[in-house]
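In: coords below, sequence missing:
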């Protein structure tokens, strides 16, 4: 949709290069309004604020009825001049794996680029992230995979998405002018089939429609 930036990804090999980055010492966990920790069974999770997209209510890109949106904002006691869309990637500690679900916008689309600071406040350095699971390849979900200079934000992480989403993203690479992003992430991407078990506690759930390979992730531990 016009609401999202079409960020795209490049071709990946099956084998990942060995990391040359020394493991980083985890920062201390600090109280932060940008981190919301919680548990699912034995798993430690945290919602991490990256920022928000603010769209005026009269913006023609909004994909909903303005009258209904106004009523919903009024009912929630919110200003009715704009819609605030929060971007919050999810951190999951899954055994030896440190998993991030989506990577935020990286400062694109008027956002604040808070993800790395939020991650550190949660006690994790970017170098410690082992896996980044992508729901779909729009800019507010993949823009944070690279820094402004083009280097990988999470240099030791494997970047995972469905094969259908990978193919869809590649088709738009030239139009999206995503050369630097493609070059940076190419060695780190692996694909999976819809419904795949990604880690012992995380399973992909097909959500086709928003994009051809859009996926959610079911997180389960114990009875939760």
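Out: Good, I have the coordinates. None of the values given here were measured: they were computed from a predicted structure. Numbers count the residues shown, from 1 in each chain.

In: alpha carbons only for contacts and neighbour counts from here, please
Out: Noted.

In: Tell me, how many residues neighbour residue 40?
Out: By other CA atoms under 10 Å, 15 other residues sit near residue 40.

In: correction: residue 146
Out: Counted with other CA under 10 Å, the neighbours of residue 146 add up to 21.

In: Repeat that for residue 220.
Out: For residue 220, using other CA under 10 Å, the count is 15.

In: Identify the residue spatially nearest to it, adjacent ones excluded.
Out: Leaving out its chain neighbours, the residue that sits closest to residue 220 by CA to CA, 6 or more residues apart in numbering is residue 201, at 5.3 Å.

In: which ones are touching that neighbour?
Out: Listed by CA atoms under 8 Å, 6 or more residues apart in numbering, the contact set of residue 201 reads 94, 219, 220, 221.

In: For the residues you listed, which PyMOL command selects only the ones that are buried?
Out: Selection of buried members from the contacts of residue 201 for PyMOL, criterion 16 or more other CA atoms under 10 Å:
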select buried, resi 94+219
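
In: Just name the lowest-scoring one in the contacts of residue 201, pLDDT-wise.
Out: Lowest pLDDT of the contacts of residue 201: residue 94, 91.

In: Just read off the phi/psi values of the residue nearest to residue 220.
Out: Main-chain torsions, residue 201, degrees, to the nearest 10: phi -120, psi 0.

In: Distance-wise, check it relative to residue 169.
Out: Distance check for residue 201 against residue 169: by CA to CA, to the nearest Å, it reads 27 Å.

In: I am finished for the moment; much appreciated.
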